[in-house]
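Novice: Curious how this folds, go ahead:
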Amino acid sequence: MFLNKRMIRIEWGDCDPAGIVFFPRYFAYFDACTMSLFEAAGLPKPQMLKTYKITGIPMVDVRARFLIPSRFGDDVEMLSEITAWRRSSFNVRHRLYRPSALPDAGLAVEGFETRVWAEPNPDDPEKIRGAETPAEVVRRFMTDEERAAANAKAPA
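Specialist: Residues are numbered from 1 along each chain as shown. I've put the predicted structure just below:
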């Protein structure tokens, strides 16, 4: 699968009085890193909204495992990837590493999101509904080997 890496500097405003990242900030990092993942695949959000006439890719489930605290001034690395595609939803996994924070170097946080490819509901403009994710979007997240395997399975 397609993997995106993003560096994050832990800022003073990200931290609680103990000097470690206040846990809701990780969820904001996850959201930003999902947008970076789509952008790295050639789908910046403004273009995605316009091209596919969607309202967005809202998060419908999120959870995290906190393993090592991150602190003010740490430079951390977030690796993000889509781990599963379904008709109108997909899963994203984020892994935040503290590569330079010895002796606690390593995986600090692992996050999991489920998101929905959402479009306006034609029956009620105040609501949204899940829509089928276009195959061309899914293909952007495939490796060359995955694309070749998918093409080999396609009917002639």
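Novice: Using the three-state scheme, assign A150.
Specialist: helix (DSSP: H, G, I helix; E, B strand; the rest coil).
Novice: Distance of it relative to R86?
Specialist: 16 Å (CB to CB, to the nearest Å). The C-beta positions use only the backbone N, C-alpha and C, and glycine is treated the same way.
Novice: Give the rounded mean pLDDT of the lengthiest helix in the chain.
Specialist: In the chain, taking DSSP state H as the definition, the longest helix is helix 24-40. The average pLDDT for helix 24-40 rounds to 97.
Novice: again, but for stretch 93-103
Specialist: On average, the pLDDT along stretch 93-103 is 81.
Novice: where does this protein dip in pLDDT?
Specialist: Residues of the chain that meet the criterion pLDDT under 70 lie in 100-105, 156.
Novice: Closest to the centroid, which residue in it?
Specialist: Centroid-nearest residue in the chain: T34, 2.6 Å away (criterion: CA atoms, centre = their mean).
Novice: residues contacting that one?
Specialist: Residues counted as contacts of T34 (CB atoms under 8 Å, 6 or more residues apart in numbering) are 57, 80, 92, 94, 113, 115.
Novice: one step back: and the longest helix of the chain, which residues are buried?
Specialist: For helix 24-40, burial by neighbour count (16 or more other CB atoms under 10 Å) applies to 25-27, 29-31, 33-38, 40.
Novice: Just name the closest of the contacts of T34 to K5, please.
Specialist: Nearest to K5 among the contacts of T34, counting by CB to CB, is S80 at 8.0 Å.
Novice: which residues does that closest one bridge with?
Specialist: S80 forms beta bridges with N4, H94, as assigned by DSSP bridges.
Novice: Hmm, I8 and it touching each other?
Specialist: No - applying CB atoms under 8 Å as the test, S80 and I8 come out as separate, 11.5 Å apart.
Novice: contacting residues around whatever helix or strand comes next after the longest helix of the chain?
Specialist: Sequence order places helix 45-52 as the next helix or strand after helix 24-40, per DSSP states H and E. The set of residues external to helix 45-52 that reach it, using CB under 8 Å, 6+ apart, is 35, 38-39, 54-57, 134, 137.
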